[in-house]
Each structure stands twice: as structure tokens, then as C-alpha cells.
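Undergrad: Need coordinates for the following:
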Amino acid sequence: MMSNVAIKVENLSKVYTIGARREQYPTLRGALTSGFKQFMKLQAFRQIGNNSLKALDDVSFEVKHGDVLGIIGRNGAGKSTLLKLLSHITEPSQGRISLYGRVGSLLEVGTGFHPELTGRDNIYLNGAILGMRRAEIAKKFDEIVDFAEIDKLLDTPVKHYSSGMYVRLAFAVAAHMEPEILLIDEVLAVGDAEFQKKCLGKMGDVAQSGRTVLFVSHNMAAIERICNSAMILNKGKIVEVGNSVDQIIRSYLSNSISSEKPSWDNTGITFDSPYFSPIQLYLSDEQGNIKQSPIKNDDDDVWIRLIGNIERLDPALTIGFAIYAENHEMLFWSYQTDQAESLWPVLKIGTNELKCRLQPHLLNEGTYYVKLVGGLHNRAWIFAPSGNTPSFSFIVSGGLSNSPLWFSRRPGLLAPVLHWSLVTKN
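TA: Residues are numbered from 1 along each chain as shown. So this is what the prediction gives:
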């Protein structure tokens, strides 16, 4: 009788040597000494020193055919390493992986694409890598092109594609070639909001078709929507795994922000831009002191404050923030240009400090994330909402309403206190 297991991982570990040279391409000599290398690798694993990093640590789990497993965890938890091991991009230091079915993966933008080949050629190339016959690829070809929306660039080398075009085509190929097992890393953030929605819909279709999916994402709403099981990774170890996706997400969120203060401070030059280089993004009172979390929903002295340097003035500069709920669904964003033009803050060369009052009686109880967003209006993003930008989190607890009926978390993402009155007619 055939097993229902699609993926079986046993005692999997991966150790990286910090500062190690990249391995050369395989040679005959390397093949002849592979046994010795494996022996030395085992010895190195047993003697992990200060110059080694254990990305995965004795991980074991099973995924059944047709399951959609969401993998969540903070940066550096080992999520991407796990998918690379499952995709045979890198080898484990210890342990065993058993895969029962053809595997398709979308781990990085443009993975497996040849930059000199056209979009058309790369569709056939990727299909062949997945083990598809040319006739099978041709049958899916028009559907892939329509989904990716790159028909006008189909015969252009992909090296000329933008990152958004790359991810459109890469996702379309991986999702439409129908591998039995599909591995997807956090790549949808590259696309625009409309395409992300389209991809999530397609992933939902894939999940319902009975294929096995492993989905790594920081988007808790997406995990909750399409996954029937979830796993938390932390420092290379499995913290929690099970079929109660909502419970696992809440466990992850409650533990991941408990020790963080509601502020972000720039400690490097990662986000430098001549138009705006952020120095600090934080929650404050009116005087500029950091506001301690949790805050109350009825607190009327809560401000989001942004400090940054400008070297080059541009009238198209819009700078502000986006607020996300605990499932990473965006609630709203706001720019310094929200009001009438006569009320816009006048930016200058040098250091600028902006503040925006967060009105009381708006947010529900829960965890919220503030991300820096901005760019040159209708020209280019500097800090895209879907990208990796400066951010912090804070908690709202209590102060929902003076009503004796509503003293705890209310249904919905927001909990505004609205004014009601009785309409009387003469």
C-alpha cells in the first residue's frame, strides 16, 4: 500500500562555516574523494566551533500529500535554508530527506532562469527542468503567458526584465507546470499588490487541486488563508507545528514582539537615499519621548514620528508610514502630502523631523506593525510597502470604549467609536 507521505524529514541539520570559500564545480578528482569529504563533514558537524553557524538543528517532520504547510519565523530562523535543502540546492550536514513526487520550487526571483534567453525560451527550459515533455509545456504555454502578463516581452531576453516581471514569469511557470510538490519562498513581495492577490488566488487553486505546498511567508493573512497546517521555526529548531493554523500564528506573533520596543533606529547605511535617509522611526508622545507599548485605544497622545536626512530636494517626494494588523494585512497608509497642499510640511535640505498623530478610538486590541513607505510620486518607490523597509511594532490593549457592553476585543481589525443619534421627525 502506497504511503500518504509526500515529504519526510529526519534529523535534518545544516551547518555553515563562516568565511568558508564557495565550493568549486564538481570534478573527477572531487568525485573520487567524495567519500572522504562526507566523513570530514560529519567530523566537522560533531565539532561545531565559534566560526560555524547552525542554520538548522535536528529538524524532523512529515507532510502528507495534498497538505499546504505554512512555515513562519523571524529572519534567520532557517526557513529559506530548509527549502533550499528540500530543493537540493544545498546538501544537509546531517539527516535525511525523502520526497515522493516531482518538485517545483520558487525560492528566489528568477531562480533557474538563463538571463540571455527570452521569456519564451525560459518557459520551455524551466518546464524541461521540472521533467515536463515539450508537448505538455506547449499545452500550458498560453495560460502561463496570460497569467504573467508579459506577452509584449515574451521574445525579450529576461536580463532586461524588471524584478517584478521576473517574479511574474517565475511564479507563473512554477504554478502552472503542476509538480506534485511545490516549494515557495517569500518572493511575492516583489510584485505589485494586484499581482500578489492574483498569486495568492492561484496558490489557493493549487492547494485545492491536491498538490503538496510548502509556503514560507511573513504574510500571516496569506498563511491563514491557504494553509491547512503551520510550523514555527526559531534559530533552526521547530518550535511548534500542527493543523491549528490560527493558533500557531497567534502563538508566533505573541512571542515574537514581546521584548521589542516601539522604535526603529538606523545603525547602518542600508536605507540611504539622497531624497530621504531615515534615522529613526518610532511611537512617541507629543514631546517626542518614546511611547511605551502597550498603549490604550483611547490614548489621545500617540504620535508616529519620523526623522531623516535629505540631500536632494524633489517636489515629488512623499514620505510616510503604513500600518499593518497582526496578520500583516495593511490597514492604511499616510503621507505628509495627505492634506491640502497649503498644509504640507515644508521639507528642507538636512535633517527633517515629521510627526503624525494617531487618532484615538481607531485600532482594536492586538499587535500592529508600522512600516516606512515613500517615494517620488508617480515615478519610483524609495521605500515600497511590499519591500523590506524600516519598521517597528506595538500593542494596543484596553481603552476600547466607555460603553459597559464593550470592554474587550471587538470583532474586526478596527474598533472605532462612532457617534450615534436618534432621528426624530415632527
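Undergrad: Can you pull out the low-pLDDT segments for the stretch 201-350 of the chain?
TA: Counting by pLDDT under 70, the stretch 201-350 of the chain contains low-confidence ranges at 221, 253-260, 269.
Undergrad: all strands in it, in order from the N-terminus.
TA: Ranges of strands in the stretch 201-350 of the chain, per DSSP state E, counting those that start in this stretch, are 212-216, 229-234, 237-242, 263-265, 277-284, 303-310, 317-324, 330-335, 350-357.
Undergrad: Which of these sits closest to Gly76?
TA: strand 229-234 (9.3 Å; Cβ to Cβ). In short, each C-beta sits where N, CA and C put it, glycine included.
Undergrad: Each with direction, which strands does that closest one pair with?
TA: strand 68-72 (parallel), strand 237-242 (antiparallel) (DSSP bridges).
Undergrad: outside of that strand, which residues touch it?
TA: With contact meaning Cβ atoms under 8 Å, 6 or more residues apart in numbering, strand 229-234 is reached by 59, 61, 63, 67-74, 77-79, 82, 223, 238-245, 248-249, 251-252.
Undergrad: quick one on the thing from earlier: so which of the strands of the stretch 201-350 of the chain is the most packed in?
TA: Comparing the strands of the stretch 201-350 of the chain by mean neighbour count (mean count of other Cβ atoms under 10 Å), strand 212-216 ranks first with a mean of 25.
Undergrad: Determine the angle, from 0 to 180 degrees, between that one and strand 229-234.
TA: 40 degrees (axes from the mean of the first three to the mean of the last three Cα atoms, to 10 degrees).
Undergrad: who does strand 212-216 pair up with?
TA: Under the criterion DSSP bridges, strand 212-216 sits next to strand 68-72 (parallel), strand 181-184 (parallel) in its sheet.
Undergrad: Nearest to Leu125, out of those?
TA: Comparing the strands paired with strand 212-216 by Cβ to Cβ, strand 181-184 comes nearest, at 18.2 Å.
Undergrad: What lies in contact with that closest one?
TA: Contacts of strand 181-184 (Cβ under 8 Å, 6+ apart): 6-7, 83, 86-87, 99, 101-107, 174-175, 203, 206, 211-217.
Undergrad: Going by neighbour count, which of the contacts of strand 229-234 are buried?
TA: Buried residues within the contacts of strand 229-234, counting neighbours by 16 or more other Cβ atoms under 10 Å: 59, 63, 67-73, 77-79, 82, 223, 238-241, 245, 248-249, 251-252.
Undergrad: list the contacts for Lys202?
TA: Phe147, Phe171, Ala175.
Undergrad: Closest one of those to Lys291?
TA: Closest to Lys291, out of all of those and judged by Cβ to Cβ, is Phe171, at 39.8 Å.
Undergrad: pretty sure the closest one belongs to a helix, no?
TA: Yes - judged by DSSP: H, G, I helix; E, B strand; the rest coil, Phe171 forms part of a helix.
Undergrad: isn't it right up against Leu106?
TA: Yes - taking contacts as Cβ atoms under 8 Å, Phe171 lies within contact range of Leu106: 5.9 Å.
Undergrad: quick one on the thing from earlier: Serialize the contacts of Lys202 to JSON lines and add fields for neighbour count, pLDDT and distance to Ala384.
TA: JSON lines is the format used below for the contacts of Lys202 (neighbours: other Cβ atoms under 10 Å; pLDDT from 0 to 100; distance: Cβ to Cβ, whole Å):
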{"residue": "Phe147", "neighbour count": "20", "pLDDT": "87", "distance to Ala384": "22"}
{"residue": "Phe171", "neighbour count": "26", "pLDDT": "79", "distance to Ala384": "18"}
{"residue": "Ala175", "neighbour count": "24", "pLDDT": "75", "distance to Ala384": "23"}
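Undergrad: Kindly indicate which of these lies nearest Lys159.
TA: Set against Lys159, the nearest of these by Cβ to Cβ is Phe171 (18.5 Å).
Undergrad: ok, now how distant is that closest one from Lys198?
TA: 9 Å (Cβ to Cβ, to the nearest Å).
Undergrad: what would the strands paired with strand 229-234 look like in a markdown table with distance to Lys152?
TA: Listed next are these as a markdown table, based on distance: least, Cβ to Cβ, whole Å:
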| stretch | distance to Lys152 |
| --- | --- |
| strand 68-72 | 33 |
| strand 237-242 | 44 |
